[in-house]
Structure formats: C-alpha cells, structure tokens
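Peer 1: Provided below are the primary sequence and the corresponding predicted coordinates.
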Protein chains: 4
Amino acid sequence: MASNRQVEIALAAVKLFEKKGYHATSVQDIADEVGLQKGSLYHYIHSKEDLLLQIAHQAITDFNQRLETILASDLPAKDKLIQAIENHITVSAANIETTTVLLREAFSLGENQHQMIQDLSDRYVDLWTQILIEGKESGEFNVVHPRITALAILGACNWVYRWFRAGGKYDAKDISAMFSQLFLEGLLA
Amino acid sequence: MASNRQVEIALAAVKLFEKKGYHATSVQDIADEVGLQKGSLYHYIHSKEDLLLQIAHQAITDFNQRLETILASDLPAKDKLIQAIENHITVSAANIETTTVLLREAFSLGENQHQMIQDLSDRYVDLWTQILIEGKESGEFNVVHPRITALAILGACNWVYRWFRAGGKYDAKDISAMFSQLFLEGLLA
Amino acid sequence: MASNRQVEIALAAVKLFEKKGYHATSVQDIADEVGLQKGSLYHYIHSKEDLLLQIAHQAITDFNQRLETILASDLPAKDKLIQAIENHITVSAANIETTTVLLREAFSLGENQHQMIQDLSDRYVDLWTQILIEGKESGEFNVVHPRITALAILGACNWVYRWFRAGGKYDAKDISAMFSQLFLEGLLA
Amino acid sequence: MASNRQVEIALAAVKLFEKKGYHATSVQDIADEVGLQKGSLYHYIHSKEDLLLQIAHQAITDFNQRLETILASDLPAKDKLIQAIENHITVSAANIETTTVLLREAFSLGENQHQMIQDLSDRYVDLWTQILIEGKESGEFNVVHPRITALAILGACNWVYRWFRAGGKYDAKDISAMFSQLFLEGLLA
DNA sequence: TATGAATGAGTGTTCATTCAT
DNA sequence: AATGAATGAACACTCATTCAT
C-alpha cells in the first residue's frame, strides 16, 4: 500500500526521468522536487534504480492487463485490433511521461531488472500477435507472419510518445483511427 | 578528414554505447577498447558528448541522404515507399549498433546538440511525408493525413532495431517485404 | 536500575558488536534484534556509543572485582595466581561475546570514554602485578620485573578470546591449568 | 613495484589507522595526509579496504617469513624459541603502527579478505607450535599441549603492542629477555 | 603522439539522532 | 512507551577533463 509520499516521489521521478533522463536525474533532484532532504527519500525508496523499476513495471503491467482484457472479449479480431490500437495510443498519450520512461529509460536498469521488464514487454508482443493469429484463423486478416506484423503495428504505436503532443491538431482518438485505417485497409487506392 | 585512429575510436564508442548505453560507458572503457590511455583519447576527440554527437549525426545524415536519393528518382510513389522501407530496414539491420545509438542514446546529448539531431530527424520525417503526399496527389495512395501516416510507418521501421537479430529466421529484405505488404495492402482479407 | 528492555538491548548489542563489530553494527540492527523501531531504542539508551561504554565498563569492572576478591584472600601468591588465571579464562570463555567487545571494540569509543576503560584496564594490570610482587616478597616467585611479567601473563590470557571455542577439545579449566603450569614451571625439562 | 606515492599513501594509512582506527579514518583523511585530492588517491589504491588488506597482508607475511627462517635453522628448540620471541617483539616494537593495524583492525576487513589474513595468522601459530613440538621431541621442553602453549606464548607477545612505548624504561630486547626467562624457567623459585 | 598524474565536482547511499504524534 | 518521518552530515567512490612531460 503506497503512502501519499511514495506516490508523490514516484510522480516526481517520472516527471524528472522524462524530462532529463534517468542518468541525468540525481536523487537530489527528486528530493528537491518533493521538498525532502535526499537522505529522507530513502524512507520511501529502496534505491534510485528501484524507483525506475517500479515505474516501468507498473507501466508495462498496465499495458498488459488492458490488452488481456481486450483479448478475452468475444469481439471479432478486427475489432480487437482496433481496440488494442486505441487503447495503446490513448493510454500512451494520457500517461506520456510514464510511457516515455518505460520505452526510453528501462534500458538503464541493471541486467536482471531490465530483463524483468523485457519479459513483460515480450508478453505484450505475444498478446498483439495473438490478435493477429485470431484474425488469420477466422479469415478476417490476410496475414502470413503474425509476429512480424504485430511488431510492425506495435512499433508504430510505440513511436507515438516521441511526437504526440496534447492539445495538438489531433487527439489520441483521432490518431488511433488513422492508425487502424492504415493497418486494416492499407495505403493503396 | 578522419584519421584511422579517429575511426577506430568512433567504432569502439558505437560498440560500447550500444552495449552499455552512453552514460554507463566511461571514457576509460573506450580507451581500453582501442588500447590507449584515456588522456590520449583527447588528442582525437573533443569530448565524450561530441563523440556521441558525431555518431548520431553521421547516422541520421546517412538516412537522410539515402532517402533524398530515393525521393529524387522518377519512380511512382508506391515504389518509392517500397524502396524507402527497404532502405531504412536494411540500413538499420546492417548498422544496428549505430542505429541503436542514434535512436536510443541521442537523448543523452545536451539540449543544443540534441536539437541538432532532432532537426535532422524531423527532416527525415518530412521526406517520408513527401512520398505519401506524392502518392496521394498521383492517386496511388488513399491517404488523408500524410504526416501522421508517415509517422506510423517510420515508427514501425524505427522499432526494428529493438527486435531484429542477424541470422534470425528472416533477413532484412524479408522483413522489408512484409512491412511493405502491410502498409500497402492492409490486413483485411 | 536496568529494566528488562535495557538488559535485552544490551544483550542484543553485545551479540551484534561481537559478530559484526561496533562500527558495522547499526542502531537499526540492534532495534531489529530486539523487535523495536530504532527511534524507540532511544527511550532506553543514550547513544550507540554509550551502549558500547556500558558493555565495556561492566565487563572490565567485573574482571577487576573478581581479581580484587582473589587478591584479598589470604592464599599464598602461587595460589592467587592460579586462581587469577582460572578466573580470567573461565570468565572470558563463559562471556566470550562481552569479552570480545571489551578487548576488540573499546577502542572505538571516543577519547574520553576510551580513557575511562583504559584506566580500569590499567587498574586490572596493577592487580595482577600486585600478585607477582607478593610472590616475589614471599620468596615464592623468582621474578625481577613484576609489571612486565604481569603484562606477559595477562596478554596470554587476553588472547584466549581469539581462539577459544566452547565445545572444543579442552574446556576453560583445562586451558587454565595448562597456562598455570607454563607460567609457574616454565618449559624447560 | 610500488611507486613512491603508493608507499607514501600506505604509510599515511598505517599512521591514521593506528591513531584513529580503520572505520574512523576517512579516505579524505588519508588524502589530506599525503596532500592529494581524495579522488586522486584512487590512481594508487583500489579501495580503502584494499589498502587495509595490503598493510595487514604485508605485516603477517613478514612475521611468517621471519619465523620460517628461524625454524629452518639448526639451532636447538630452546634457542629457536628465544629467537622467535625476540624477533616477534622487536619487529612489533619497531613497526608498532603496522602491528597495531594488523592485530586490531584486520577484523574490519570483509569476510573473504579477513579470512585471508586469518589463514596467514593460523600459519603463524603453526610455526610457533612447530618449535614447541621440536623441543618436546628433543626432550628440551616439558610440554604436553604444544598448540595451547604456543597460543599462550604468542598471546603474550601479541599483547605487547598495547603497552610497549619506545623510549620507555625497557627496550624491545630487554622485554624479549624477560619473556624468554618467564616461559623457559617459570615463576617458581 | 602518448602518457598518467591530478583535479574537483558529483554520485547514490548510510546512519545516528531528534521529535511530533 | 512506541512510532516513523525527517534530518543533515558524512561516506567511499567515479569520472570527464586537463596538462606537464
């Protein structure tokens, strides 16, 4: 059960890791952000690295859980894919700092911790792949290599955090619709 | 004009930045890799950060130049897109360390230097967008938002360095073909 | 008057100081051992250093009192020496943790506190010396330099905590007898 | 091959470890003593703990080598014992700081490093024991338990660093003679 | 060109102690 | 009596960079 201070610290860390990067953010920076001495921070965190792990772990777990829910529904594969894209992009956009930390900074974790995140990320790819396999088997999708196709679609979605800006011309739903259109219909007229 | 030693140092840095990350790589690590003392390295480099900048700059410039060549050809937009995809993925795969450093580590540059790379990357997006606009205007492509579509395709391609492994089941050309098929034809049967 | 909790804390401290050393033992370690939070410990102790002082002070005072009793008896010097050796070794062996803390860790006290223990230790040397003087004056002992001789015997006894292990081949009484034999009769056949 | 600076640093460390103890001596203290920045110290040492290990290792190795030389001579056991005592005490007295660090501070080493010193110290006890066994077998010594007797004599000698002061009434040779007399002839008139 | 000594600021982390509740 | 949040100074150690030789 996370105390207020723990949440506050995690939020400060997410903000700073997103802005400056994990390595360029010092424990002192985080302490300043929450108004504590840096020594005091260690009542709430185990280490700076652990803080990053918590953030990344929560983020990828959240993505996984949501996608599992979509996959468990009895929608046709086409609609599951549409939902998966919309879910990923809207969550990315709504939690853009956390998503940035997950996708950009998790590599800074030590080997074991990084592997933990990597395993969960691999699981996420598996779930996307499952949707494509379902669509292939139902005859909805014309797809030969479901995993590579999943990696293409996920790659496109995972790039969104790099250019999406809230308040821009298109919101997350708009972009989701464009992505779905592209992946389902293709470019050719 | 880069001396042999300068090239050697840049290659060592690319290798280490890819393996350990920019921040986790010390100047001593690079010196060890090329068999010099770390003080001696400074006869060849301006700073560790400058080394990263050179690597990233060369990488994105190379991507830009190749895409400009493709764009300047008088192929139909569809073929330009196919070539752009194949070019990006084969270059990424052949220079996976450099590409990784460009895409994963350039953020570690200081603000001004990072902006320089960002500007070149934006230029790269522009070139992709141009292909889509050409295809839209020629009636080849059914595309409403060329820039967003470009970002989707480029995102998919920029994710390849994260999962591609040389010697795997599919080579870079195979994957390029799958990507082109997906983006041109879409998934729907 | 020491409460149960105070005794419990002192015992925990002795155990930990012996096992890990004074500096390597944190107040948190002691709190964990007695099942309190470290803040709560300060209801019972003045400071970590004071805890060490209490332990060392009690140990050396105990040694002094016992030796004073022996010295006050009307035994011949030879028997006083035999008793002094047996007393020191059996007490050391029975309270090996406390003795270890006294002999190994008291130096970690601040200057004033350390001097207090040092003064009591000097007093202990004086008592041993007194036995030797008695034996010299009674003609029992052939000894020219009673203080140096006392330091030799005491040194041998003070080393016992470093190698004695309960349950070994010889118990404290056995070792005491061997020591007495050595110091009284010498090695020569 | 130790540079001047390395020797200088080791000497400073010995001096400070003796005066304040290992834990109470900071790397900054050592740097101040030799007139370097504390970061610069790390050109010469691996870690603070390693510095302690070097000092202790050199000290116990020196004791061992000297005793091995004595043991290898063809003197009678009685004379070997006399030389062993004189050697130990004169070396202790001449290098009282180093000896103090060996005997008082080696416990502050981490487990593995401490064990290394412990093994060498055990070897030293073996050598003393060997002298007593020789004297027993030659009929020179009346000794039943050579190892315990060795520990008694060595304990007496290892205590000397605690009370010996150069320039005092007796020098190291005087004290060695008194010790030999005590252990060989015993106290009884 | 190459060295390696030296810097000095900075890092994450520990810890004895205090104190309001 | 007991907690646990908070302090603030201290710690060992790292590192990019400089520079005299």
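Peer 2: Perfect, thanks for sending it. Because the structure is predicted, anything quoted here is derived from the model rather than measured. Residues are numbered from 1 along each chain as shown, chains lettered A, B, ... in the order given.

Peer 1: Could you look up the SS state of residue A:177?
Peer 2: What DSSP: H, G, I helix; E, B strand; the rest coil gives for residue A:177 is helix.

Peer 1: State the number of residues packed around it.
Peer 2: 17 (other CB atoms under 10 Å in any protein chain shown). To be clear about C-beta, it is placed using only N, CA and C from the backbone, and glycine gets the same treatment.

Peer 1: quick one: contacts for it?
Peer 2: residue A:86 (CB atoms under 8 Å, 6 or more residues apart in numbering or on different chains).

Peer 1: Show me what the longest helix along chain A is packed against.
Peer 2: Ranked by residue count under DSSP state H, the longest helix found in chain A is helix A:111-138. On a contact count with 3 or more CB pairs under 8 Å, 6 or more residues apart in numbering or on different chains; DSSP states H and E, helix A:111-138 meets helix A:48-72, helix A:77-94, helix A:146-158.

Peer 1: Quick check: mean pLDDT of that helix?
Peer 2: The average pLDDT for helix A:111-138 rounds to 98.

Peer 1: Please parse chain A into its domains.
Peer 2: A:1-45, A:49-185 (automatic domain parsing).

Peer 1: Can you confirm whether the last one lies near DNA strand E?
Peer 2: Right, domain A:49-185. Yes: against DNA strand E, domain A:49-185 shows contacts by CB under 7 Å from any atom of the strand at residue A:49.

Peer 1: Can you measure across that domain, start residue to end residue?
Peer 2: From its first residue to its last, domain A:49-185 covers 43 Å (CA to CA, to the nearest Å).

Peer 1: With mean neighbour count and mean pLDDT added, can I get the helices and strands packed on helix A:111-138 in JSON lines?
Peer 2: Listed next are the helices and strands packed on helix A:111-138 as JSON lines, based on neighbours: other CB atoms under 10 Å in any protein chain shown; pLDDT from 0 to 100:
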{"stretch": "helix A:48-72", "mean neighbour count": "18", "mean pLDDT": "98"}
{"stretch": "helix A:77-94", "mean neighbour count": "21", "mean pLDDT": "98"}
{"stretch": "helix A:146-158", "mean neighbour count": "24", "mean pLDDT": "98"}
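
Peer 1: Would you mind giving these as JSON lines with distance to DNA strand F added?
Peer 2: Converted to JSON lines, the helices and strands packed on helix A:111-138 look like this (distance: least, CB to the nearest atom of the strand, whole Å):
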{"stretch": "helix A:48-72", "distance to DNA strand F": "14"}
{"stretch": "helix A:77-94", "distance to DNA strand F": "29"}
{"stretch": "helix A:146-158", "distance to DNA strand F": "29"}
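
Peer 1: returning to what we had before: in the longest helix of chain A, what's buried?
Peer 2: A:113-114, A:116-117, A:120-121, A:124, A:127-136 (16 or more other CB atoms under 10 Å in any protein chain shown).

Peer 1: Then stretch A:179-189?
Peer 2: A:179-184, A:186-187.

Peer 1: Which of the residues you listed sits closest to residue C:75?
Peer 2: residue A:179 (100.0 Å; CB to CB).

Peer 1: closest one to chain C among the helices and strands packed on helix A:111-138?
Peer 2: Across these, chain C has its closest neighbour in helix A:48-72 (18.5 Å, CB to the nearest CB).

Peer 1: you'd agree residue A:25 is in a strand?
Peer 2: No: Residue A:25 is assigned coil when assessed by three-state DSSP, not a strand.

Peer 1: Let me know whether it touches residue A:17 as I believe.
Peer 2: Yes: contact criterion CB atoms under 8 Å: residue A:25 and residue A:17 qualify, at 5.6 Å.

Peer 1: tilt between the longest helix of chain A and helix A:77-94?
Peer 2: Helix A:111-138 runs at 150 degrees relative to helix A:77-94, counting by axes from the mean of the first three to the mean of the last three CA atoms, to 10 degrees.

Peer 1: quick one: contacts for residue A:73?
Peer 2: If you count contacts by CB under 8 Å, 6+ apart, then residue A:73 has A:80, A:83 around it.
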